[in-house]
Each structure stands twice: as structure tokens, then as C-alpha cells.
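>>> Here you go, sequence then predicted model.
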Amino acid sequence: MPHDVTLIATFAVAFVLASVFGYIASRLRLPPLVGYLVAGAVMAPSIPGYTADTGIAGQLAEIGVILLMFGVGLHFSLGALLAVRSIAIPGAVVQIVLATLIGAGMSMLWGWSFGAGLILGLALSVASTVVLVKALEERSALATTNGRIAVGWLIVEDLAMVIVLVILPALAEVLGGTAAAGAPGGESRGLLATLGITILKVGAFAAIALILGPRVMPWILRQFARTGSRELFTLAVLTLSIGIAFGATALFDVSFALGAFFAGMVLNESELSHKAAANSLPLQDAFAVLFFVSVGMLFDPTIIVREPLAVMGVLGLILIGKSVVALALVVALGYPMSTGLMISAALAQVGEFSFILATLGMAYGLLPKEGLSLIVAGALISITLNPLSFSVAARLTAWIRGRPDLNRRFEDARQAKVVALERELAAAERKAEEKAAKHRTLTPQELAERFPLFSRLTPEQREVVILHFRPRPAGPGERIIRKGDKADAAYFISSGEVEVDVGGRRIRLGPGDCFGEMALISGQPRSAHVTALDYCSLLQLTTGDFREILRRYPEIRAQIAELAAQRGQMNLAPVDEEGDGKAAAAPD
Ligand code: CMP
């Protein structure tokens with residue numbers, strides 16, 4: 001072959017196998033993740049047939065971890081966590097500590113070192129977000145109180161793992177590992193000093209990110225949106241993500257993956273950046289798949305026959321140990337047994353964070369290769385058995401509820417706690433709704449009712465107008481109207497924000513405003529550029545429909561003509577100093 005195509009071959013085979021096994025897993029009603037791991041195992045050197053280049057696969061996996069962590073940061077919700085903090089924080093923290101101790105103790109019985117045991121215990125103590133969310137969605141339980149407790153619990157677990165990832169490099173040598181290549185240089189400092197400096201740096205970065213992020217990020221993105229080039233906007237989003245990730249990495253001396261987590265968190269802080277990042281990273285899923293495939297490649301399936309007892313021990317900890325601990329904690333905190341059972345079932349599996357931790361543990365020479373195989377075996381089996389855990393929990397709940405004495409003691413008497421939590425959740429929801437109200441999409445009905453132009457029409461007449469509206473989405477940086485073009489439609493803003501640029505004067509229009517009417521009325525070319533600054537839902541009226549409506553409803557005609565005349569007047573006046581901001585948008 002004239003040139004080296006190892007990278008392309010690895011990509012192609014990994015994607016093909018992941019799609020095939022992912023599809024099969026999904027048909028078997030298992031999360032596709034199981035299929036990706038199996039795809040990796042099939043490509044592994046230990047299996048005859050196609051053998052992937054492990055070096056290249058490893059690098060692709062690294063990109064996968066980075067994007068995965070970026071996604072975790074992007075979807076991290078402080079509000080969701082705060083609402084259930086009274087149960088999620090103590091529950092998750094104590095559960096992690098106990099599960100880690102059990103895991104470490106168990107592996108020390110096999111003759112492992114404390115460091116190796118610690119990594120194994122930590123990896124087994126944290127459940128997979130991907131699996132949990134999917135399981136709850138399938139049972140329509142994501143929005144229920146129990147579902148939200150489980151999600152909050154998992155957020156705490158994720159955060160705890162992020163902290164572990166931050167401090168692990170500093171502790172690696174003390175735990176008997178090696179300072180891996182590219183690891184932080186804490187050698188000459190004492191352990192406490194290294195830890196202290198790490199924590200200070202993280203604190204400083206978090207403060208900067210949380211305070212500056214929501215203010216600076218949308219502003220920068222808006223400047224790029226204004227250019228009217230969508231690709232430049234997308235590039236700005238990518239650059240910001242990678243820039244923050246890289247900055248965080250340089251500042252903390254930690255892995256790029258962790259930097260990516262912080263980048264996700266910073267972008268998460270504002271609605272525009274969040275949507276922008278979420279929309280412009282479809283690659284995230286593809287590379288996350290590669291991560292699971294490459295973990296599968298490190299998996300040695302023979303472990304199941306070579307070390308059946310160890311596999312059973314790992315499974316026992318994931319399926320029974322963690323569940324019993326979680327159940328006991330929830331009940332001890334005064335919540336109903338049904339809540340405890342549901343959370344136990346939801347958390348009785350392991351996934352991505354376990355793999356990330358395990359691969360890092362291996363890089364620092366703490367975890368033997370055997371450990372990763374055990375974790376992957378545990379993940380494959382526990383994820384497969386997860387539906388069973390839910391059905392056992394449901395049966396036990398039904399059994400308790402069927403016994404008046406138990407029901408009174410473990411369910412009815414504990415409802416006050418649930419009611420208090422529901423009140424907190426409702427308050428958090430209200431806050432989130434208020435925040436989202438700005439971005440809410442109005443229905444044509446609401447728009448017609450709110451829009452001053454249509455307020456004088458009868459409900460029947462509004463129905464007629466609504467029938468002519470066509471939904472038209474627009475993304476940041478999209479030029480909806482170009483100055484000088486021939487007019488073909490008028491637009492009504494249902495949600496989002498656009499900017500009119502007319503001879504250096506910039507005017508922002510928002511929900512309830514209309515634009516594109518001037519050229520339709522005057523028959524002249526478009527008078528200005530109009531660019532979306534945000535993700536917008538617009539309602540479009542084509543020229544014919546617009547004229548038809550004006551013909552039918554003379555009062556609307558008069559108002560639109562007045563609006564267009566006012567705007568025309570304004571555009572004739574010299575640009576004053578407030579060239580940027582809100583201006584007279586519509587007559588009342
Ligand atoms: P049209 O000329 O069809 O296309 C550009 C649109 O920008 C124009 O219609 C108006 O809807 C809008 N526009 C132009 N000038 C202003 C202004 N001064 N204030 C608000 N909107 C304007």
C-alpha cells in the first residue's frame with residue numbers, strides 16, 4: 001500500500017463493529033454501550049481475526065474521554081443537585097466510602113496492594129450516568145421524585161470522581177504507583193502541599209469560571225453570531241471549548257479530559273453557550289463510542305473462566321453490596337423503603353467513570369491489567385442485569401405495600417420527608433422555568449394574542465392568521481435577511497433574538513417583534529441585514545400570505561405601515577452614540 005492507513009482502518013472497523021453490536025444490544029433491549037464494549041473485545045489482540053492497532057485505538061479513546069468529560073460538564077446541573085442535596089450528598093458520599101472500602105478489602109484478600117484495591121473499589125462504587133438515565137427514561141421515571149433523587153445522587157458520585165481524578169496524580173506515588181509520563185511534578189513538594197495547591201487552583205478556576213463564564217462567554221459568542229457566518233460561530237464554540245479545556249489543563253497540571261470537564265461546566269453556565277456547545281458537538285457521541293470500543297479492547301474475556309471468584313466478588317459488590325448500602329442509607333435518612341429500593345436498582349451498575357478511573361489507574365501503574373478486565377466484566381454483566389434489579393425492586397416494593405404493618409412503618413410514616421423534598425423540587429423547577437421563559441417558544445395562538453398587531457382581531461380571525469404561519473428555525477450567525485435582496489417573506493419572532501444592522505446602527509429584536517415587513521410594503525429591496533444572535537423560532541409569512549392578510553384586515557395594514565414608516569424614519573436619522581441595543585421595535 002502506498003501510504004499508511006492504520007488510523008482510517010481503526011476508525012472504520014471500530015465504527016462498523018460498534019454499529020452492528022450496538023444495534024444488536026439495542027434489539028435485545030440492552031443499552032448500546034454493552035454492544036460497543038463487545039465490539040472492542042472482538043477487535044482485541046487476544047481474539048483471532050482483525051486486530052486493531054492498540055496505540056492508535058488508545059489515542060482515539062483519549063479523544064473520546066475528553067469529549068465524554070466535556071459532555072458530563074455540559075450537562076452538569078447544580079440546580080438538580082441542590083434540590084435533592086439533603087439525601088443525595090450524604091447518601092452518595094457514604095456509599096462511595098463504604099463501597100470503596102469493601103472493594104479495597106476484597107481485592108486485598110486476593111493479594112492486591114492497597115493502591116490497586118483503592119482504585120478498584122472507587123471504580124466499582126460509581127454508577128454510569130448513561131445507563132441510569134436510559135433506565136429511568138424507559139420506565140418514565142426520570143421526572144419523578146425518586147428519579148430525580150437517583151440523578152442527583154449520581155451527580156454527586158460524578159463530582160466525587162472528578163475530585164478523585166484531580167488528586168489521584170498527586171497521590172499516585174504514595175499509593176505505590178509511578179508518576180506517569182506527563183504527570184504533575186509534585187516530587188519535591190510534600191504531599192499535603194501538593195494537595196493544598198491542587199485544591200486552591202481548582203477553587204480559583206471554579207470561581208473564575210462561575211463568575212466570568214456566564215457574562216463573558218455569551219458576549220463573545222454573540223460577537224461571532226453577528227458576523228453572519230454560521231461556520232465562524234461554530235468555530236468560536238469549538239475554540240472556546242478547547243481553549244478553556246487547555247487553559248484549565250495548564251493551570252491545574254491535570255489531564256486534558258478534566259480540563260474538558262471544566263470547559264463543559266463553564267459553557268453550561270449560560271443558555272446560549274450551552275445550546276451552542278451541545279449543538280455543535282455531534283462528534284461527541286461518535287468519539288464516546290470509540291472510548292467504549294477501546295475499553296472493550298483492553299478487556300480479556302478469559303478472566304471469567306480464569307478468575308471466576310474475583311468476577312463473582314466484583315459482581316456481588318456492584319449488584320448486592322452497593323444496593324444494600326444505598327438502601328440502608330436511604331432508610332436511615334428517613335425516606336421510604338420504595339425510594340431506597342428504586343435508588344438501589346438504579347445504581348446497581350458501573351460504566352464510563354469506572355473505565356476512566358481504571359485506565360488512569362493503569363497509566364499510573366496502580367491498577368493491574370487484570371483489574372480493568374474485572375471492571376469491564378462487572379460492567380457488562382451488571383448493565384445486562386440492570387432491568388432485573390429494577391423488577392426485583394418493584395416486587396419488593398409491592399410486597400411491602402401489601403403488608404399493612406410494614407407499609408405503615410416504611411412508607412406512610414415517611415411521607416413527610418418526601419413531601420418536603422417535593423416542595424424543594426417544585427421550587428427548583430419554578431426557578432428553572434423562569435430562567436427558560438426567555439427562550440420559551442410561543443405558540444402561534446399565544447403570539448397572536450400577545451402581539452399588539454393581532455390583538456384587535458377576533459379569535460376566529462386569529463385562527464385564520466395562524467394558518468398562514470410557517471415555522472422557521474434559525475441558529476446563531478444565520479443571516480435571515482440580506483440587505484439589497486428581493487423580499488419574499490416577513491417574520492415574527494416566537495423565541496430568541498435577532499439583530500438588524502442598518503448602516504452601522506444595530507437594533508435587537510426579540511419575541512413578539514416582527515421584521516422583513518418594509519420591503520414587502522414598499523416593493524423596494526431589503527433595507528438591512530437581519531442576523532440571528534441566538535437559537536430562534538420564527539414564524540414566516542410568505543409575500544402572498546402577508547399581502548392577503550393586509551388586504552383582509554385593514555387595521556393590521558395600518559399598524560404595519562406605521563411600524564415600517566417609523567423604522568424608515570429612524571434609519572434616515574444620523575447614527576447616534578447608542579448604536580447598539582434595543583430600539584423602538586413595535587408601536588403599541
Ligand atoms: P426589510 O427592509 O424587508 O428587511 C430588513 C428589515 O429590518 C426591515 O424590513 C425591518 O423589518 C427591519 N428594520 C429595518 N430598520 C429597522 C429599525 N430601525 N428598527 C427595527 N427594525 C428595522
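Done, it's in.

>>> Mind jotting down where the strands sit in this protein?
Residue ranges of the strands in the chain, as given by DSSP state E, are 470-474, 479-481, 489-495, 498-502, 505-509, 514-515, 529-532, 536-542, 580-582.

>>> looking at the ones you listed, which is closest to F410?
Closest to F410 of these, according to Cβ to Cβ: strand 489-495, at 45.9 Å. (Each C-beta comes from the backbone N, C-alpha and C, glycine too.)

>>> Note down every partner strand of the closest one and its orientation.
strand 514-515 (antiparallel), strand 536-542 (antiparallel) (DSSP bridges).

>>> what does the longest one contact?
So that's strand 536-542. For strand 536-542, the external contacting residues (Cβ atoms under 8 Å, 6 or more residues apart in numbering) are 441, 444, 447, 468-475, 480, 488-498, 549.

>>> run the last query once more with 7 Å
Strand 536-542 is contacted by residues 441, 444, 447, 468-474, 488-498, 549 when judged by Cβ atoms under 7 Å, 6 or more residues apart in numbering.

>>> and the angle for that strand with strand 498-502?
Strand 536-542 runs at 60 degrees relative to strand 498-502, counting by axes from the mean of the first three to the mean of the last three Cα atoms, to 10 degrees.

>>> wait, doesn't K134 sit right on L30?
No. Counting by Cβ atoms under 7 Å, K134 stays clear of L30, with 9.8 Å between them.

>>> of those two, who's got more company?
L30 (21 against 18; other Cβ atoms under 10 Å).

>>> For the more buried one, grab phi and psi.
Per-residue torsions, L30: phi -110, psi 160 (degrees, to the nearest 10).

>>> Cross-check the contact I'm expecting between it and T384.
Yes. Using Cβ under 7 Å, L30 makes contact with T384 at a distance of 5.8 Å.

>>> contacting residues for the residue sitting nearest the centre point of the chain?
Taking Cα atoms, centre = their mean, the centroid of the chain lies closest to H75, which sits 2.8 Å from it. Neighbouring residues of H75 by Cβ under 7 Å, 6+ apart: there are none.

>>> Can you give me the distance of K417 to E62?
Computed with Cβ to Cβ, to the nearest Å, the distance linking K417 and E62 is 44 Å.

>>> how many neighbours does V502 have?
Other residues within reach of V502, judged by other Cβ under 10 Å, total 19.

>>> Ignoring the adjacent residues along the chain, who's closest to it?
A528 (3.7 Å; Cβ to Cβ, 6 or more residues apart in numbering).

>>> Buried ones in the longest helix seen in the chain, by neighbour count?
Scanning the chain for the helix with the most residues, using DSSP state H, yields helix 191-226. Buried residues in helix 191-226, counted by 16 or more other Cβ atoms under 10 Å: 194-195, 197-198, 201-202, 205, 209, 213-214, 217-218, 221-222, 224-226.

>>> Strand 498-502 and that helix, what's the angle between them?
50 degrees.

>>> List the buried residues for stretch 423-438?
E424, L425, A428.

>>> The last one is in contact with R85, isn't it?
No. With contact defined as Cβ under 7 Å, A428 does not reach R85; the gap is 10.5 Å.

>>> hang on, the earlier thing: so how far is the ligand from the residue nearest to V502?
Using Cβ to the nearest ligand atom, to the nearest Å, one gets 4 Å for the distance from A528 to the ligand.

>>> Correct me if wrong: A41 contacts G296.
Yes. Proximity of A41 to G296 meets the contact threshold set by Cβ under 7 Å, at 4.5 Å.

>>> Just want to know which of the two has more residues nearby.
G296 (30 against 23).

>>> Find the nearest non-adjacent residue to the more buried one, please.
Distance criterion Cβ to Cβ, 6+ apart; nearest residue to G296, sequence neighbours excluded, is G40 at 2.0 Å.

>>> cool, and D53?
Nearest residue to D53, sequence neighbours excluded (Cβ to Cβ, 6+ apart): T6, at 4.9 Å.

>>> For the chain, which residues are neighbours of the ligand?
Residues of the chain that fall close to the ligand, judged by Cβ under 6 Å from any ligand atom: 481, 487, 500, 502, 507, 515-519, 526-528, 530, 567, 570-571, 583.

>>> and A12, how many neighbours does it have?
11.

>>> same check, this time on L347
Around L347 there are 29 residues (other Cβ under 10 Å).
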